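>>> Pasted the sequence and its predicted model underneath.
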Amino acid sequence: MQKSLYVWDIVVRSFHWLLVLAFALAFATEDFSVLHAYIGYFILGLIAVRLLWGVIGSKHARFSDFIYRPRVIKQYLKDLFFKRAKHYVGHNPAGGLMIVLMLISLILTAVTGHYAYESEVFMIYAEHESWLEEVHEALAFFSLTLVFVHVVGVLLESVLHGENLISAMISGWKRRSE
């Protein structure tokens, strides 16, 4: 028997896929500083909407639904390792932690990119330009690493709990075998 639940609202899904696209475009436009900068500003705008939606949005979009204490995250990861992790309708504790880490990493990436770009365009803080660019690039690759871990986690969770989380992030509906 299959049970379907509407979990991911249109704001969460739109944010997710627009962020995927924008992040990929940011990497692809690295050598085109103006376009790259605008994509970074777009990412910051997306994050601003997501932060607001994390407070006022639907049940599973709210941070209160998926931010857990470190002890709970640690226990979940331990249980995941032993293939006995509890099923969560919304984000599990590891997924919640990943969201927080990705949001922080992307904010820092965009902010350092902004200052590096402004330094380049307006010739201010020129002595810090290369330092800012290096930090920006390191944060971008850290964010990419988080994306990789996120995708592996989604695939692992999909197999462990018998649900297609990628399809759920497209349709909003989680289908789970009972």
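Received, thanks. Keep in mind that this is a model prediction, so the values were computed, not measured.
>>> Checking my notes, R84 in a strand, right?
No. Judged by DSSP: H, G, I helix; E, B strand; the rest coil, R84 forms no part of a strand; its state is coil.
>>> tell me the pLDDT at it?
At R84, the pLDDT value in this model is 88.
>>> Spell out which residues sit in contact with it, please.
Neighbour list for R84: empty [criterion: C-beta atoms under 8 Å, 6 or more residues apart in numbering]. Where you see a C-beta, it was placed from the backbone N, CA and C, and this is true even at glycine.
>>> next one: I39
22, 25-26, 29.
>>> Return the closest of those residues with respect to L97.
A22 (22.3 Å; C-beta to C-beta).
>>> The closest one: helix or strand, and which one exactly?
helix 10-28 (DSSP states H and E).
>>> Kindly report the same for I73.
Going by DSSP H and E, I73 is part of helix 70-81.
>>> so which of the contacts of I39 is the most crowded?
A26 (23 neighbours; other C-beta atoms under 10 Å).
>>> Pull up the gap between the residue lying closest to that residue once chain neighbours are set aside and I104, please.
Leaving aside its sequence neighbours, A26 sits nearest to I39 (C-beta to C-beta, 6 or more residues apart in numbering; 4.7 Å). Distance of I39 to I104, given as C-beta to C-beta, to the nearest Å: 19 Å.
>>> Excluding sequence neighbours, find me the nearest residue to F142.
S105 (5.6 Å).
>>> can you count the residues close to the one you found?
S105 - counted by other C-beta under 10 Å - has 18 other residues nearby.
>>> Would you mark the buried spots in the helix or strand containing it?
In this assignment (DSSP H and E), S105 forms part of helix 93-122. Going by neighbour count (16 or more other C-beta atoms under 10 Å), the buried part of helix 93-122 is 93-99, 102-103, 105-117, 119-120.
>>> now it: how far from the chain's centre is it?
11 Å (C-alpha atoms, centre = their mean, to the nearest Å).
>>> counting contacts, what elements does it pack onto?
helix 33-56, helix 63-66, helix 70-81, helix 129-161 (3 or more C-beta pairs under 8 Å, 6 or more residues apart in numbering; DSSP states H and E).
>>> hmm, who's touching the next helix-or-strand element following the last one?
Going down the chain from helix 129-161, the next helix or strand is helix 165-171, by DSSP H and E. For helix 165-171, the surrounding residues in contact (C-beta under 8 Å, 6+ apart) are 7-8, 13, 16-17, 154, 157-158, 173-175.
>>> I'd like the residues you listed as JSON lines, with pLDDT and neighbour count appended.
Output for the contacts of helix 165-171, formatted as JSON lines (pLDDT from 0 to 100; neighbours: other C-beta atoms under 10 Å):
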{"residue": "V7", "pLDDT": "92", "neighbour count": "22"}
{"residue": "W8", "pLDDT": "93", "neighbour count": "24"}
{"residue": "R13", "pLDDT": "97", "neighbour count": "17"}
{"residue": "H16", "pLDDT": "97", "neighbour count": "16"}
{"residue": "W17", "pLDDT": "98", "neighbour count": "12"}
{"residue": "V154", "pLDDT": "94", "neighbour count": "17"}
{"residue": "E157", "pLDDT": "90", "neighbour count": "19"}
{"residue": "S158", "pLDDT": "90", "neighbour count": "15"}
{"residue": "W173", "pLDDT": "92", "neighbour count": "13"}
{"residue": "K174", "pLDDT": "89", "neighbour count": "21"}
{"residue": "R175", "pLDDT": "78", "neighbour count": "14"}
